[in-house]
Each structure stands twice: as C-alpha cells, then as structure tokens.
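>>> fold the following for me, if possible:
(one chain, ligands or ions: 2)
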Amino acid sequence: MLKDKKITIIGAGKMGETLASRFLSTGTLSRDQLFITAKHESRVAYFDEKFGIKGSTDNAAAVKNADIILLCVKPQIAPKVIELIRESINQDQLVISIMAGYTLEQLQKALVLPLPVIRAMPNTPSEIGAGMTVLASGNQTNGDHIAFAKALFDTVGETTVLDEKYFDAVTGLSASGPAFIYMVIEALAEGGVKCGLPRDVSTTLVTQACLGAARMVAETGQHPAILKDHVTTPAGCTIDGLLKLEEGGLRVTMIKAVDEAARRAKELGGE
Ligand SMILES: NC(=O)C1=CN([C@@H]2O[C@H](COP(=O)(O)OP(=O)(O)OC[C@H]3O[C@@H](n4cnc5c(N)ncnc54)[C@H](O)[C@@H]3O)[C@@H](O)[C@H]2O)C=CC1
Ligand SMILES: O=C(O)[C@@H]1CCC=N1
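Ligands and ions are numbered 1, 2, ... in the order given. Okay, here's the model as predicted:
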C-alpha cells in the first residue's frame, strides 16, 4: 500500500527518528521514500550518516514532492512551521500530525486550503514495534487516507481509530504513559537493590514482572484487580507490600499523573 509513496518528516527529533528507523527496519519504506527536515544541518547530516535518509533545513522545499507529510515538530512552533509550508502543499497530499494538543481544527485553519489531515498519537515503544498509535481524521479525508495512515503506524505497533475528543486523554495515558512506567520500573528495581539484589538482576526481574503482568492483562482479559488478588496470598507478603503502596497513595498519584499530563497536552496546543 505504501509502495512508491514519498514521506517527508518535518522536525526529525526523537519521535521522527523513532518512526523513521522503524519504517526502515521493517522494510515498510526504503530510505529513498523518506525525507526529513530539521532545524540544524548537523541533525540532517546525522540522518544521512545513520540511516542514509536525505534531508534539509528548508521545510517548504521538503514538502513539495511528498505524498504524505508527517508533522513531528513541537506543538508550540506548529503555527510558524505550518506558515512556512502551507503554500507548498496541495490537495493530493496527506498531512499527518503527531503533535500533542494541536487539534485538527487548528491544523486545518493553519493550512488554509481544505486539505486531508489526520492526527496520530504514537508513543516511543514504536522504536521496537511495541507502540500504540491512536488516529483521528479530519473532514477532508477519505478511506484511502485513513488506510495509508493505518498502514504506516501498523508497522510500529498497535493502531486504533478514536474520536478526536479523546486525544488529550490518549496523550496523557498512551503517549506519556511509557515514562510513568519507566519510573515505576526504576523504583521497583531500587526496591530490589534495597533488599540486596545486584542492580542488573533487580532490573531484569522487575522488567520481566512488568512484561508478564502486562501480558496477563492483555491475554487473559481478566480485570487487573482479580489478577492482583491471585498474587495476594492471605496473611502472605504481597498484602504487606500493597499496604505500603496504598499508604503512599500510588493509585491517587497515578490517576493524577495521567490527568495532569492530559491537562498539559490540551494547553500545549494553544501556546
Ligand atoms: N516524545 C514522545 O514520546 C512523543 C511525542 N509526540 C509529539 O511529537 C512531537 C515531537 O516530539 P519529540 O520528538 O519528543 O521532540 P523533539 O524536540 O525531539 O523533536 C522536535 C524536532 O523538531 C526540530 N525543529 C525545531 N524547529 C524546527 C523547524 N523550524 N523546522 C524543522 N524542524 C524543527 C527540533 O530540532 C527537534 O529535532 C511533538 O509535537 C510531541 O508532542 C507525540 C507522541 C509521543
Ligand atoms: O511530553 C510530551 O509533550 C510528548 C507528548 C506526549 C509524550 N511526549
């Protein structure tokens, strides 16, 4: 489906690199189908050296021959960057934005011409094909546009389509979420170290516990509370650990973390 499609990544930072490297490593796209832009020449040179992907600091020129334009700059500079490229884009092209908080309406207004636009919210585990991407499409898109976006993001993990009204929540949970989990993994590993485990062993054990627990939720379909109960032997040790988590307000803290990240995501679009 993506054969012969040319894709320009505008703003090849952390996420742009994550996506580009996975598109290449899965054979979804060849390096000749990709083009990137960056603020600095050094970043353009880095992409050429590491991936053989050509690029430029000239955003307007970079979008001209693209079939799909993937906007990966920060939402705070979206108006400036879109102003630079909008006159070089036409209705045969598809614009996909991964910017947090920047709505389809804002994107459509900034582009001025009624162009097909899609919002995508991926996350960093995309690097290893374990990502989650949520898609929402604007009113100028057709089935082909959505199929292109899905084909592209299917290569970096799971993909689902949702109403755009959920996007700030999706951002706070699915896009920011890996950072929250890394902190949990780091903290639990410290717990193992506190109990005398070598750090590498501790990190391996907690990583496998997280992978196993996540797979149990995904594959058994059971509620996490039921699965937690199965671990918790009456008068055993787990309940003592759970008591400490409750005392520390783990659940309240986690809920507030997602809520706060979602609030900030919404704010980002207006800066
Ligand atoms: N990092 C993440 O986990 C996720 C990030 N996003 C979104 O992806 C976007 C990028 O985020 P990151 O990659 O984390 O940030 P980043 O700061 O690593 O990447 C942004 C890139 O844009 C470049 N840039 C700045 N001005 C430019 C210009 N005028 N022309 C071309 N390039 C320019 C910067 O040099 C930088 O390399 C943001 O909109 C963010 O909301 C979405 C989902 C997950
Ligand atoms: O922290 C951020 O703003 C970006 C968007 C979601 C994940 N990372």
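>>> from this structure, which residue is nearest to ligand 1?
Closest residue of the chain to ligand 1, Cβ to the nearest ligand atom: residue 13 (1.8 Å). Where C-beta positions appear, they are placed from N, C-alpha and C, glycine not excepted.
>>> give the contact list for that residue.
With Cβ atoms under 8 Å, 6 or more residues apart in numbering as the criterion, the residues that contact residue 13 are 38, 72, 73.
>>> what does residue 176 give?
By Cβ under 8 Å, 6+ apart, the residues touching residue 176 are 257, 258, 261, 265.
>>> ditto for residue 191
Applying Cβ under 8 Å, 6+ apart to residue 191 gives the contacts residue 202.
>>> quick one: what helix or strand has it in it?
Element membership of residue 191, judged by DSSP states H and E, is helix 177-194.
>>> still on that earlier bit, mind checking how far the residue of the chain closest to ligand 1 is from residue 111?
Counting by Cβ to Cβ, to the nearest Å, the gap from residue 13 to residue 111 is 21 Å.
>>> now swap in residue 100 and tell me
18 Å.
>>> please apply the same query to residue 142.
17 Å.
>>> neighbour count for these two, which is higher?
More neighbours surround residue 111 than the other of residue 142 and residue 111, with 20 against 10 (other Cβ atoms under 10 Å).
>>> what residues are up against the nearest residue to the more buried one once chain neighbours are set aside?
Closest residue in space to residue 111, ignoring its immediate chain neighbours: residue 86 at 5.1 Å, by Cβ to Cβ, 6 or more residues apart in numbering. With contact set as Cβ under 8 Å, 6+ apart, residue 86 has these partners: 110, 111, 112, 113.
>>> try residue 259
Residues near residue 259 by Cβ under 8 Å, 6+ apart: residue 172.
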